[in-house]
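> I would like the atomic coordinates for the input below:
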Amino acid sequence: MVLRIVRLGTPRAADEGLRIGTVRRPPRGVPKTEFATQDWYDVWYPNLAPSVETMKLAQQAQQRQDPGEWQAFVKRYRAEMNSPDNSRSLDVLAALSHQTNFSVGCYCADEAHCHRSVLRALLAERGAEIAPAAAERCDAP
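Residues are numbered from 1 along each chain as shown. The predicted structure is shown next:
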């Protein structure tokens with residue numbers, strides 16, 4: 001059993017299981033009935049997305065390519081995920097990763113500059129069974 005961290009909208013792995021969208025907003029221009037069939041997500045869970053203000057920090061850091069601003073984003077997002085409700089959600093996902101295959105994801109093209117990278121770290125810290133990132137897998141192109 002394994003948890004995958006994925007880019008939403010990309011083709012699913014054969015045994016990926018349920019795909020959870022940890023994004024603030026649904027994909028634009030896509031009918032709700034097509035979210036799953038177009039490989040966006042099966043379940044929308046914005047609770048694990050950065051707040052609008054925190055998301056703006058990440059966007060600024062990416063635009064300016066400023067490591068200091070990125071670290072400010074990481075610190076703020078980690079603080080948001082440390083709230084009791086979000087922390088319990090992360091604990092549940094970490095525990096489920098030992099029982100079933102599923103994935104969590106976001107739209108960003110580069111995981112290294114996306115809250116997915118922080119989610120990966122937070123879930124690993126809770127003992128989740130996580131599939132390696134595409135660049136880390138020996139079968140990656």
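> list the buried ones in stretch 96-104?
Neighbour-count burial for stretch 96-104, counted by 16 or more other C-beta atoms under 10 Å, picks out L96, S97, N101, F102, S103, V104. No exception for glycine: its C-beta is placed from N, CA and C like everyone else's.
> Does the fifth one touch L3 like I think?
Read it as S103. Yes. Using C-beta atoms under 8 Å, S103 is in contact with L3, at 6.8 Å.
> If you rank every helix and strand of this protein by mean pLDDT, what lands last?
One helix or strand of the chain scores below all others by mean pLDDT, DSSP states H and E: helix 52-64, with a mean of 90.
> Let me see the residues that make contact with that one.
24, 49-50, 66-67, 69-70, 72-73, 76-77, 80, 113-115 (C-beta atoms under 8 Å, 6 or more residues apart in numbering).
> Secondary structure element holding I20?
Following DSSP states H and E, one finds I20 within strand 18-21.
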